[in-house]
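Sequence first, then the predicted structure, then my questions.
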Amino acid sequence: MATEAVALEHAETGAPAPEELESQVEELGGAPVAGDSPLFSDFDVHPDIVAALTEVGITRTFAIQELTLPLALAGNDLIGQARTGTGKTLGFGVPMLQRISPPAEGGDGVPQALVVVPTRELCVQVARDLGAAGAKRGIRVQAIYGGRAFEPQVESLQKGVEIVVGTPGRLLDLAQRGDLILGKVKVLVLDEADEMLDLGFLPDIERILAMVPDKRQTMLFSATMPGPIVTLSRSFMTQPTHIRAHGNDEGSTVPQTTQFIYRAHNLDKPELLSRVLQSRDRGLVMVFCRTKRTAQKVADELVDRGFAAAAVHGDLGQGAREQALRAFRSGKVDVLVATDVAARGIDVTGVSHVVNYQCPEDEKTYVHRIGRTGRAGSTGVAVTLVDWDDIPRWQLINKALDLDFADPPETYSTSPWVYTDLDVPEGAKGRLPRSQRTREGLDAETLEDLGETGKRNRPTSGGRGDSGGRAGQRGPSGGRQGERPGRSADGEQGEGKSRPRRRTRRTGAPAAEGESSPAASPESTPTEGAASKPRRRRRRGGANRGGGGSESAA
């Protein structure tokens, strides 16, 4: 298969872009071009950027980077389409860092580049990567996202930054308050655009686009290209070139990942998972669940069985989520249990196994989940546990992806092929032996006080919600901030339905707004000429006090 650069039609004329912008690379989008792949220095990249990348072990380009760098460095608008884990961040990050003027070269601290991302975790990750690549040039990068207090982010903007990476809700809030100035942005990037569409951020993106200068370079990166994204690109991009990795996008599974599909009983899944986690030579493991409650339950169960595990889901505060991710990246925990929404954008090196504890909703979710391993040319293992009730859903996924697992074998924790397929020691049981409990665990990672907003009884700056979204509107991960169980701050699926509480009297009747408490006065006597009869307190049995009559209180 070849990776092709396809010129998108011009937004204004409808004519195809110049043929000279088309090119081909004989390699899958996710793997480096063999030993002779170009160096970053071959593309006339600033020496300080090359040196910073070399320090972190990056010298040669991946295929998607090889395609995007010549166009992006020349200032052209482009659309990059490739699976996650193929190096898209540096594909737009290096040209962005190249065009920016740091303070030593005349930069005034007003943001010159803006990267819009769908989730908090991806925001932190992209900001970290750009900060590392631009460190030697003195380029300052600031992450702007909900779940943190406004004040530290505003203070950083006031000190001056060159690149802002943010989620739509918080970006809009700070821009509308005047704390974020977008009038000097000359490079705009929309990363994971299809996920932003899925999470309902398209209106917010359009509002952000109206705030940045018309004369700018725009780059859009997306795993898939649904109709609304194509329409959006035509309206705000100038003659963009479409870089597409055929045969290795989000519509297909990565060949470096070995897949195992087991039909498993829900009651046996903890035992089965415990054995999977004892595979020989495994690295970090990500376990995916459909609901928040299941994710937390599985993480607690694994900790009880001796594994160093942590959970990431929408019911956790931002500080707890970042604590879990830091512990996972540093190796203090080696099992991360996550929901789909919370795990979007998480890119951690060293993930050798992915376990689908619950069957994914659809083929796109399946590919996204198992794409956490087998990244950038590495190998990985993906294990999917399909309950009996989920067999029809799995068969649809299997057919859509053209896999060969239409009838998964009935599997239990004692099934011999579990041990042979996954290289699990014969004597492995449902608990991790004490001799193997070498990880420090989640408690070894500090829980930061982020000044989290959107919590009950905690005022927020400007009356805003957790995400920086408008009060009661979506946060950066798609859900409402500070809302009750049933739908999380990340728009995740909860279990059960909850209603807002109403303040009630002792008898159970709702108290009217502004009405005094039942203890304020025992009973009232109507005054002559009163327009309406005052309410009278009722006994617990429902009879009027002292009257004994059957008439109920008004």
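Sure, I can see it.

Tell me how many other residues crowd residue 197.
Each residue near residue 197 was counted by other C-beta atoms under 10 Å, and the total is 19. Where C-beta positions appear, they are placed from N, C-alpha and C, glycine not excepted.

what are the ranges of the helices in the stretch 1-150 of the chain?
Under the criterion DSSP state H, counting those that start in this stretch, helices of the stretch 1-150 of the chain are mapped to 47-55, 63-73, 88-99, 120-133, 150-159.

In CSV, please show the C-alpha coordinates belonging to the helix or strand containing residue 203.
Per DSSP states H and E: residue 203 is located in helix 202-209. Presented in CSV, the C-alpha positions along helix 202-209 are these (Å, rounded to 0.1, in the frame of the first residue of the first chain):
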residue,chain,number,x,y,z
LEU,A,202,-18.4,22.4,15.6
PRO,A,203,-20.2,25.6,16.6
ASP,A,204,-17.4,26.5,19.1
ILE,A,205,-14.8,26.0,16.4
GLU,A,206,-16.6,28.3,14.0
ARG,A,207,-16.7,31.0,16.7
ILE,A,208,-13.0,30.6,17.3
LEU,A,209,-12.3,30.8,13.6
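
buried set for it?
Within helix 202-209, the residues scored as buried using 16 or more other C-beta atoms under 10 Å are 202, 204, 205, 208, 209.

helix or strand right after that helix?
Downstream of helix 202-209, the next assigned helix or strand under DSSP H and E is strand 217-222.

hmm, who's touching that next one?
Contacting residues not belonging to strand 217-222 are listed as 68, 72, 75-82, 88, 91-92, 95, 99, 186-194, 229, 233, 236-238, 240 [C-beta atoms under 8 Å, 6 or more residues apart in numbering].

Please name the strands paired to that strand in the sheet, noting orientation.
Strand 217-222 has the following sheet partners, assigned by DSSP bridges: strand 78-81 (parallel), strand 187-190 (parallel).

Which elements pack onto the helix or strand following that strand?
Later in the chain than strand 217-222, the nearest helix or strand by DSSP H and E is helix 227-236. With contacts taken as 3 or more C-beta pairs under 8 Å, 6 or more residues apart in numbering; DSSP states H and E, helix 227-236 sits against helix 193-198, helix 202-209, strand 217-222.

got the ones you listed as CSV, with mean pLDDT columns?
Formatted as CSV, those follow (pLDDT from 0 to 100):
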stretch, mean pLDDT
helix 193-198, 84
helix 202-209, 92
strand 217-222, 91
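
can you tell which of these is closest to residue 142?
In terms of C-beta to C-beta, the element of the helices and strands packed on helix 227-236 nearest to residue 142 is helix 202-209, at 15.9 Å.

Does that closest one pack against any helices or strands, and if so which?
Helices and strands touching helix 202-209, as assessed by 3+ C-beta pairs under 8 Å, 6+ apart, comprise strand 113-116, helix 168-177, helix 227-236.

Can you give me the pLDDT of residue 263?
Predicted confidence (pLDDT) for residue 263: 96.

Repeat that for residue 121.
For residue 121, the pLDDT comes out at 83.

so it makes contact with residue 321?
Yes - applying C-beta atoms under 8 Å, one finds residue 121 in contact with residue 321, separated by 7.4 Å.

So, low pLDDT: which residues of the stretch 401-550 of the chain?
Applying pLDDT under 70 to the stretch 401-550 of the chain picks out residues 449-550.

pLDDT on stretch 270-289, on average?
On average, stretch 270-289 scores 94.

tell me which residues in it are buried?
Across stretch 270-289, burial judged by 16+ other C-beta under 10 Å covers 270-279, 282-289.

helix or strand for residue 259, which one?
With DSSP H and E as the test, residue 259 turns up in strand 257-264.

Counting by contacts, list what that strand packs against.
Short answer (3+ C-beta pairs under 8 Å, 6+ apart): strand 257-264 packs on strand 380-386, helix 391-400, strand 410-411, helix 416-422.

Pairing partners for that strand, with directions?
Here strand 257-264 has these sheet partners by DSSP bridges: strand 380-386 (parallel), strand 410-411 (parallel).

Would you mind identifying the next helix or strand past it?
Past strand 257-264, the next helix or strand by DSSP H and E is helix 269-276.

Go ahead and measure how far that next one is from the middle of the chain.
Centroid separation for helix 269-276 versus its chain: 26 Å, with C-alpha atoms, centre = their mean, to the nearest Å.

With stretch 195-202 instead?
Using C-alpha atoms, centre = their mean, the offset of stretch 195-202 from its chain centre is 12 Å.

same question, stretch 392-402
The answer for stretch 392-402 is 25 Å, by C-alpha atoms, centre = their mean.

same question, stretch 68-88
Averaging C-alpha positions (C-alpha atoms, centre = their mean) puts stretch 68-88 21 Å from its chain's average.

Let me see the mean pLDDT of that stretch.
84.

which among the contacts of strand 217-222 end up buried?
Restricting those to buried positions leaves 68, 72, 76-82, 88, 91-92, 95, 186-194, 229, 233, 236-237, 240, with burial counted as 16+ other C-beta under 10 Å.

Could you double-check that residue 397 sits in contact with residue 366?
Yes - with contact defined as C-beta under 8 Å, residue 397 reaches residue 366; the gap is 5.3 Å.

Overlap in contacts, the two.
Common neighbours of residue 397 and residue 366 are listed as residue 360 (criterion: C-beta under 8 Å, 6+ apart).

sorry, back to before: got the angle for the helix holding residue 203 vs helix 227-236?
Interaxial angle of helix 202-209 relative to helix 227-236 (axes from the mean of the first three to the mean of the last three C-alpha atoms, to 10 degrees): 10 degrees.

what residues does helix 202-209 touch?
Contacts of helix 202-209 (C-beta under 8 Å, 6+ apart): 114, 116, 168-169, 171-172, 175, 182, 188, 190, 196, 228, 232, 236, 474.

How far does it sit from its chain's centre?
Remark: helix 202-209 is offset 19 Å from the chain centroid, using C-alpha atoms, centre = their mean.

angle of that helix against helix 168-177?
40 degrees.

so which of the helices of the stretch 1-150 of the chain comes closest to residue 428?
The closest of those to residue 428 is helix 120-133. By C-beta to C-beta, the value is 31.8 Å.

Buried ones in that closest one, by neighbour count?
Neighbour counts over helix 120-133 (16+ other C-beta under 10 Å) mark 120-127, 129-133 as buried.

hang on, the earlier thing: looking at the buried residues of helix 202-209, which one is closest to residue 104?
Distance to residue 104 across the buried residues of helix 202-209 (C-beta to C-beta) is lowest for residue 208, with 29.0 Å.

if I look at the closest one, how far off is residue 306?
47 Å (C-beta to C-beta, to the nearest Å).
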